[in-house]
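Undergrad: Sequence first, then the predicted structure, then my questions.
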Amino acid sequence: MDIKWFGHSCFQITDSIGRTVVTDPPDESVGYTLPPIRADIVLISHDHFDHNNADAVLGSPIVIKHPGIYKAAGIEVKGVGTYHDDAGGKLRGTNTVFCFTMDDIRVCHLGDLGHVLNDNDARAIGDVDILLIPVGGTFTIDARGALAVIDKLKPNLVIPMHYRTPALAFDLDPVDKFIKAARGRKVLGPEKLLHISREDLDQQKIVLLEYVS
């Protein structure tokens, strides 16, 4: 499996037979310019401009936006309903966590999760090998909340997202705050391309990615 990060919450995940999932493509006003990218499936965690630019993705993909069980391109996708805030959605609405399996690796993209997951949320999500998690605070969980979610889901590999970079057009916490809070945990990267297989998931680690432009 290959994973590229295009900034914010946008990833392109490609399996060994070429099937591709893209998550939360942003509008260019966010500060990240998407190169030409294609997908079989586009996952939209919520309908905000910094996450819902499905029209920017090439290849006539299937676009999935809501909780439920879906199957496209031979990939089963599970969407779990959560919230964009810690007030039951009253401040920023709902958020969909998406889980899917490619190359025998279960990936979970948390979107703009705004609260620490409870036991019911964790059971609905299930086992997680790779967790794509927001850490920048303000609009999502922050470093402390992210670590609580990691401890709840117990993924083997954690990839931070949705944090401040020089390109981002608005202010969030930098990833350094998360890394500092995660002291004692193994941190690798930054990598421009993460190539990973089932055999690499032997212990929990955090991998930082460089955004591709």
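TA: Yep, it's here.
Undergrad: Who are the packing partners of the helix ranked longest in the chain?
TA: If each helix of the chain is counted by residues according to DSSP state H, the longest one is helix 143-153. Here helix 143-153 touches helix 119-125, strand 130-134, helix 175-181, going by 3 or more C-beta pairs under 8 Å, 6 or more residues apart in numbering; DSSP states H and E. (C-beta placed from N, C-alpha, C; glycine too.)
Undergrad: name the helices or strands packed onto whichever helix or strand comes after that helix?
TA: The first helix or strand that comes after helix 143-153 along the chain, using DSSP states H and E, is strand 157-161. In terms of contacts (3+ C-beta pairs under 8 Å, 6+ apart), strand 157-161 is packed against strand 2-5, strand 130-134, strand 205-209.
Undergrad: deepest of the ones you listed, which one?
TA: Ranked by mean neighbour count, the helices and strands packed on strand 157-161 are led by strand 130-134 with a mean of 26 (mean count of other C-beta atoms under 10 Å).
Undergrad: Quickly run through the sheet partners of that one, with directions.
TA: Applying DSSP bridges to the sheet, strand 130-134 is found paired with strand 105-109 (parallel), strand 157-161 (parallel).
Undergrad: next one: that strand to chain centre, how far?
TA: Chain-centre distance of strand 130-134: 5 Å, with C-alpha atoms, centre = their mean, to the nearest Å.
Undergrad: which one of the helices and strands packed on strand 157-161 lies closest to Pro67?
TA: Set against Pro67 and scored by C-beta to C-beta, the helices and strands packed on strand 157-161 come closest in strand 130-134, at 17.4 Å.
Undergrad: Run the angle between the closest one and helix 143-153 for me.
TA: Going by axes from the mean of the first three to the mean of the last three C-alpha atoms, to 10 degrees, strand 130-134 is angled at 150 degrees with respect to helix 143-153.
Undergrad: From here on, call the first residue 800.
TA: With the count now opening at 800, the last piece we talked about shows up as strand 929-933.
Undergrad: residues in contact with strand 929-933?
TA: Contact partners of strand 929-933, identified using C-beta atoms under 8 Å, 6 or more residues apart in numbering, comprise 802, 808, 810, 822, 904-912, 939-940, 945, 948-949, 952, 954-962, 995, 1000.
Undergrad: With mean pLDDT added, can I get the strands paired with strand 929-933 in a markdown table?
TA: Below are the strands paired with strand 929-933 laid out as a markdown table (pLDDT from 0 to 100):
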| stretch | mean pLDDT |
| --- | --- |
| strand 904-908 | 98 |
| strand 956-960 | 98 |
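Undergrad: Turn those strands into a markdown table, including mean neighbour count and distance to Asp846.
TA: Compiled in a markdown table, the strands paired with strand 929-933 are given as follows (neighbours: other C-beta atoms under 10 Å; distance: least, C-beta to C-beta, whole Å):
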| stretch | mean neighbour count | distance to Asp846 |
| --- | --- | --- |
| strand 904-908 | 22 | 16 |
| strand 956-960 | 24 | 18 |
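Undergrad: Tell me which residues touch Asp920, please.
TA: Applying C-beta under 8 Å, 6+ apart, one finds that Asp920 lies in contact with Val879, Thr881, Val896.
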